[in-house]
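A.B. asks: pasting the sequence and the predicted coordinates here, then a few questions.
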Amino acid sequence: MKVHFIAIGGSAMHNLAMALHLKGYEVSGSDDEIFEPARGRLARYGLLPSEEGWHPERVSPDLDAVILGMHARKDNPELLRAKELGLKIYSYPEYLYEQSKDKLRVVIGGSHGKTTVTAMILHVLQDAGKECDYMVGAQLEGYDIMVRLSETAPLMVIEGDEYLTSPIDPRPKFHLYKPDIAVINGIAWDHVNVFPTFENYVEQFRIFAGSVCPGGSLAYFSGDSEVAGIATGLSSERPDVRLLPYNVPEYRVEKGFSELLYEGKAYPLEVFGRHNMQNIEAAWKVCHAIGIEDSVFLKSIQTFKGASRRLEKIADNTAKGVSVFKDFAHSPSKLQATIEAVKEQFPERKLVACMELHTFSSLSKVFFSHYKGCMDKADAAYVYYNPKAVEHKKLDPIDPQMLYEAFACPGLKVYNDSARLVSALEAMDWHHANLLWMTSGNFDGVDEKALARRVAG
């Protein structure tokens, strides 16, 4: 098989390219810019394009497939050449479905927790010796590539993103996977540039639930009224779909450690926080549905340490009583859940929470009101944004006063210079205090590990 990638440097795209290369496919690709870590990883597998830019001559009639990434535009010269030749053109999710259409497909959806739930399932399956293919959106310990495609695995576990499919296909990615087992782990409005109203956003999850294959299953978080409503509607429209409701399991926090409680026994965990208990229950429902015994799941989940940038501990000093965590949180519901998790785990320590407004939604004035109260549980709250990022996204300028009013958080401090923010943090007394560093970006180049080391001492 010969496959060509248009925009091979994307986070998901380069992982798929490497997976197909390992499967024995002949892989080529182009992109007008490729950054680390994609550049180094593609080079290691001999897949890095010899030069950047678009080269229609690389799109030849003998290609079996062309895979189009979101970074490309509708008028991309390689895309136009592929259309001219009548080649099969796939989006990333379309090609994942093509590779998994004869397998049992498990698709994890939800506004939050989908990466962690997917990672938990993979962790348990690996421990249980169950072969599976997968696609997950974050680096996991013990995995070199975040996509695996094989001829032998009987099932595939897919993180189901609700963002757009490709420049020529505006459907959410998770509408294309046709799951045998689907999960909806919660709904909180996001991607306001694509889904202009909350109702429109919720509708995408309703379509996802309806895409479950005949005789399939929907595991859903019953503690979310929107999700429960979707499940209720599905039960009347699709009686063939088995509903698997779940909620937050019983757990306790003892001396800085969380334990899952089940049938009179306590199971110590590496992860913590109410939202992670919910994630565990979602993963448990899926694993039970595919034949993993409860005893196997409970033994395995105790050693799950989390996915990269999902409440990941990056520095610790027990003697000083300080830990530094980084998290991908940027939306209101994620901020609140993450802050509450750290405060619950370490109630005796001061919590300093720093978040970066980085995404289109978070930098949009129409979205600011949703942040009200989400950082209230922090003892000190800091919000950072870069005016250049606002300008680059063609959004209205932000007056810091707007953020003070929107967050309505006592003592909130707003920065638009990351160097000043770092200086303020380094000047603090970090005895018996935790730092929670939250962003989907990088605070404009802040070396978070170096900062963590200085804070932890």
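C.D. replies: Yep, that arrived.
A.B. asks: can you give me the strands in the stretch 51-200 of the chain?
C.D. replies: Chain-ordered strands for the stretch 51-200 of the chain, with DSSP state E, counting those that start in this stretch as the definition, fall at 65-68, 89-91, 104-109, 133-135, 147-148, 155-159, 164-166, 169-172, 181-184.
A.B. asks: closest one to G373 among those?
C.D. replies: Across those, G373 has its closest neighbour in strand 181-184 (24.5 Å, Cβ to Cβ). Where C-beta positions appear, they are placed from N, C-alpha and C, glycine not excepted.
A.B. asks: against which helices or strands is that closest one packed?
C.D. replies: Strand 181-184 sits against strand 104-109, helix 198-210, strand 217-221, helix 225-237, helix 274-289, with contacts defined as 3 or more Cβ pairs under 8 Å, 6 or more residues apart in numbering; DSSP states H and E.
A.B. asks: go with 7 Å
C.D. replies: Counting contacts by 3 or more Cβ pairs under 7 Å, 6 or more residues apart in numbering; DSSP states H and E, strand 181-184 is packed against strand 104-109, helix 198-210, strand 217-221, helix 274-289.
A.B. asks: need the strands of the stretch 51-200 of the chain in CSV (columns: mean pLDDT and distance to D31).
C.D. replies: Below are the strands of the stretch 51-200 of the chain laid out as CSV (pLDDT from 0 to 100; distance: least, Cβ to Cβ, whole Å):
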stretch, mean pLDDT, distance to D31
strand 65-68, 98, 12
strand 89-91, 98, 16
strand 104-109, 98, 27
strand 133-135, 98, 20
strand 147-148, 97, 17
strand 155-159, 98, 23
strand 164-166, 94, 15
strand 169-172, 95, 19
strand 181-184, 98, 32
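A.B. asks: re earlier: winner for burial among the helices and strands packed on strand 181-184?
C.D. replies: strand 104-109 (a mean of 28; mean count of other Cβ atoms under 10 Å).
A.B. asks: list the contacts of that one.
C.D. replies: Strand 104-109 has contacts (Cβ atoms under 7 Å, 6 or more residues apart in numbering) with 114, 117-118, 121, 154-160, 162, 174, 177-184, 205, 208, 286.
A.B. asks: switch the strands of the stretch 51-200 of the chain over to TSV; also include distance to Q302.
C.D. replies: Output for those, formatted as TSV (distance: least, Cβ to Cβ, whole Å):
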stretch	distance to Q302
strand 65-68	38
strand 89-91	38
strand 104-109	21
strand 133-135	21
strand 147-148	24
strand 155-159	20
strand 164-166	37
strand 169-172	34
strand 181-184	22
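A.B. asks: nearest to P249, out of those?
C.D. replies: Of all those, strand 181-184 sits nearest to P249, with 15.6 Å by Cβ to Cβ.
A.B. asks: contacts only, for the closest residue to A228 other than its chain neighbours.
C.D. replies: Distances taken as Cβ to Cβ, 6 or more residues apart in numbering place S222 nearest to A228, at 5.3 Å, with adjacent residues excluded. Listed by Cβ under 7 Å, 6+ apart, the contact set of S222 reads A228, P245, Y246, N247.
A.B. asks: got it, and L20?
C.D. replies: Counted by Cβ under 7 Å, 6+ apart, L20 has contacts V3, V27, L149.
A.B. asks: can you report how many residues lie near the last one?
C.D. replies: What it means is L149. 21 (other Cβ atoms under 10 Å).
A.B. asks: now swap in the first one and tell me
C.D. replies: A total of 22 residues lie near V3 under the criterion other Cβ under 10 Å.
A.B. asks: in three-state terms, label it for me.
C.D. replies: When classified by DSSP: H, G, I helix; E, B strand; the rest coil, V3 comes out as strand.
A.B. asks: wait, it touches V27, no?
C.D. replies: Yes - using Cβ atoms under 7 Å, V3 makes contact with V27 at a distance of 5.5 Å.
A.B. asks: now do the helices in the chain.
C.D. replies: All helices of the chain, identified by DSSP state H, fall at 11-22, 38-44, 77-85, 92-100, 114-127, 198-210, 225-237, 274-289, 294-301, 332-345, 387-392, 400-407, 418-426, 448-456.
A.B. asks: for E254, which of these is the nearest?
C.D. replies: That would be helix 332-345 among the helices of the chain, by Cβ to Cβ, at 10.4 Å.
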